[in-house]
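Trainee: Make a model of this:
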Amino acid sequence: MYSIEFNGKIWFWKGPAPWYFVTVPEEQCRDLKDVSGFVTYGWGMIPVTARIGQTVWKTSLFPKDGSYIVPIKATVRKAEKIEAGDNVTVYLEIR
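Mentor: Below is the predicted model of the structure:
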């Protein structure tokens, strides 16, 4: 198992299916790319268990513009009282 921790800002994507994300910093993205070949599935997605505060959920990292982004579910945002523009600490465990 591989785990990382980082701080990032929540941002909102207004596309046809609006969603909230946090971008993984460049240094951790390099590490993720090293392990991605062992764990990735379709379109380069990486399955992870994520945690912000006390809220834990299963999701997948999305590749975007040479980095990875973490989707933040509405239930997580509500439980942790966070919204777009907030800085959060994210813990990821690669499954």
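Trainee: could you pull out the helices for the chain?
Mentor: Remark: helices assigned in the chain by DSSP state H are 26-39, 74-80.
Trainee: Okay, buried residues for stretch 20-36 please.
Mentor: Along stretch 20-36, these residues count as buried under the neighbour rule (16 or more other Cβ atoms under 10 Å): 20-24, 28-29, 32-33, 36. Glycine gets a C-beta too; all of them are placed from N, C-alpha and C.
Trainee: Figure out how far it is from the centre of its chain.
Mentor: 8 Å (Cα atoms, centre = their mean, to the nearest Å).
Trainee: Can you give the contact residues for that stretch?
Mentor: 2, 4, 6, 8-13, 44, 46, 61-62, 64, 66-72, 77, 84, 88, 90, 92, 94 (Cβ atoms under 8 Å, 6 or more residues apart in numbering).
Trainee: ok, of those residues, which come out buried?
Mentor: Those of the contacts of stretch 20-36 that meet the buried threshold are 4, 6, 8, 10, 46, 61-62, 67-72, 77, 88, 90, 92, 94, by 16+ other Cβ under 10 Å.
Trainee: any idea which of the buried residues of stretch 20-36 is closest to residue 50?
Mentor: Among those, residue 22 lies closest to residue 50 (Cβ to Cβ), at 9.2 Å.
Trainee: Identify the residue nearest the closest one in space, chain neighbours excluded?
Mentor: Of all residues not flanking residue 22 in the chain, residue 8 sits nearest, at 4.1 Å (Cβ to Cβ, 6 or more residues apart in numbering).
Trainee: Go ahead and confirm that neighbour touches residue 86.
Mentor: No. In this structure residue 8 lies outside contact range of residue 86 using Cβ atoms under 8 Å: 9.8 Å.
Trainee: tell me the angle the longest strand along the chain makes with helix 26-39.
Mentor: The strand spanning the most residues in the chain, taking DSSP state E as the definition, is strand 2-13. In terms of direction (axes from the mean of the first three to the mean of the last three Cα atoms, to 10 degrees), strand 2-13 departs from helix 26-39 by 110 degrees.
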